[in-house]
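Participant: got a predicted structure plus its sequence, pasted below:
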Amino acid sequence: MFKITAAGLRRLAMSAVQKFEVLFVLGGPGAGKGTLCRLLSEKYGYVHLSAGDLLREERTKPGSEFGELIEIHIKNGSIVPVEITCTLLDHAMKISKAPKKRFLIDGFPRNEDNLTGWAKAMSDKVLLKGVLFCECSKEVCTQRCLNRGAKGSGRSDDNEETLIKRHEIYIKNTLPIIEHYEKQGLVYKFDSMKAPLEVLKDVEEFLPSIGW
């Protein structure tokens, strides 16, 4: 008689559960990732998860075991350990009440460690539909961030000194991730130097091709 092991039952249960559908939204600091995600979320009900916002929220929680470490990385313009980011993203997706279970993850993965950590922790839980790449010049990105800081964004990294580090890290660590996904045919590029509603229109024309 054929017997199903406990491990086999777990695999069957996982296969029966609908996976979260994910689009990564990547680009330099100030490329318009957050604005694009907000517009798509408002119009289509997709859940916008900003890795940066989740980390900033976590660092302000009283008694957070990660708070001090997150603050150090944000002030230095460096990347928070992937285990922390994946834990926060996983929790946010699980508690979401959105019926479609479609998520826009903004600003992640940012380096090879993020990529490896995500694959290890989340590959069984999500279906990656692609990467929306917001292409924007360094000059425009920098000015947008400085303008945002001048208007009181509340972000400790919206200053010229930290932005230099963030751009350097983006070029060194994040562009290779985009190239990695591009080889898999998963990257979709958009000119994010356009006005936000124009970028939204470009993305809207693309989404049906991936079943969104």
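Facilitator: Received it, and whenever you're ready, just let me know what you need. Residues are numbered from 1 along each chain as shown.

Participant: got any ranges where this structure has weak pLDDT?
Facilitator: 1-17, 152-156 (pLDDT under 70).

Participant: can you confirm residue 30 is in a strand?
Facilitator: No: applying DSSP: H, G, I helix; E, B strand; the rest coil, one finds residue 30 to be coil, outside a strand.

Participant: helix or strand: which one has residue 93?
Facilitator: Using DSSP states H and E, residue 93 falls within helix 82-95.

Participant: longest strand anywhere in this protein?
Facilitator: Assignment by DSSP state E gives strand 126-135 as the longest strand of the chain.

Participant: so what does whichever helix or strand comes after that one touch, helix or strand wise?
Facilitator: Counting by DSSP H and E, the next helix or strand C-terminal to strand 126-135 is helix 138-150. Helix 138-150 is packed against helix 160-169, with contacts defined by 3 or more C-beta pairs under 8 Å, 6 or more residues apart in numbering; DSSP states H and E. Heads up, the C-betas are built off the backbone N, CA and C, glycines and all.

Participant: just the buried residues of the helix or strand just after the helix it packs on, please?
Facilitator: As assigned by DSSP H and E, the chain's next helix or strand after helix 160-169 is helix 175-183. By 16 or more other C-beta atoms under 10 Å, the buried positions in helix 175-183 come out as 177-178, 181.

Participant: relative to strand 126-135, how tilted is helix 175-183?
Facilitator: Here helix 175-183 runs at an angle of 120 degrees relative to strand 126-135 (axes from the mean of the first three to the mean of the last three C-alpha atoms, to 10 degrees).

Participant: which elements pack onto helix 175-183?
Facilitator: Partner elements for helix 175-183 (3+ C-beta pairs under 8 Å, 6+ apart): strand 20-27, helix 112-122, strand 126-135.

Participant: deepest in the core, which of those is it.
Facilitator: Comparing those on average neighbours per residue, with mean count of other C-beta atoms under 10 Å, the densest one is strand 20-27 at a mean of 23.

Participant: that strand vs helix 175-183, what angle?
Facilitator: 130 degrees.

Participant: what are the buried residues along the following helix or strand past strand 20-27?
Facilitator: For strand 20-27, the following helix or strand on the C-terminal side (DSSP H and E) is helix 33-44. Within helix 33-44, the residues that qualify as buried by neighbour count (16+ other C-beta under 10 Å) are 33-41.

Participant: what's downstream of helix 33-44, the next helix or strand?
Facilitator: Heading C-terminal from helix 33-44 (DSSP H and E), you reach strand 47-50.

Participant: run through who's touching that next one.
Facilitator: 33-34, 37-38, 40-41, 89, 92-93, 96, 98, 102-107 (C-beta atoms under 8 Å, 6 or more residues apart in numbering).

Participant: that one pairs with which strands, and in what direction?
Facilitator: Sheet pairing of strand 47-50 (DSSP bridges) gives strand 102-106 (parallel).
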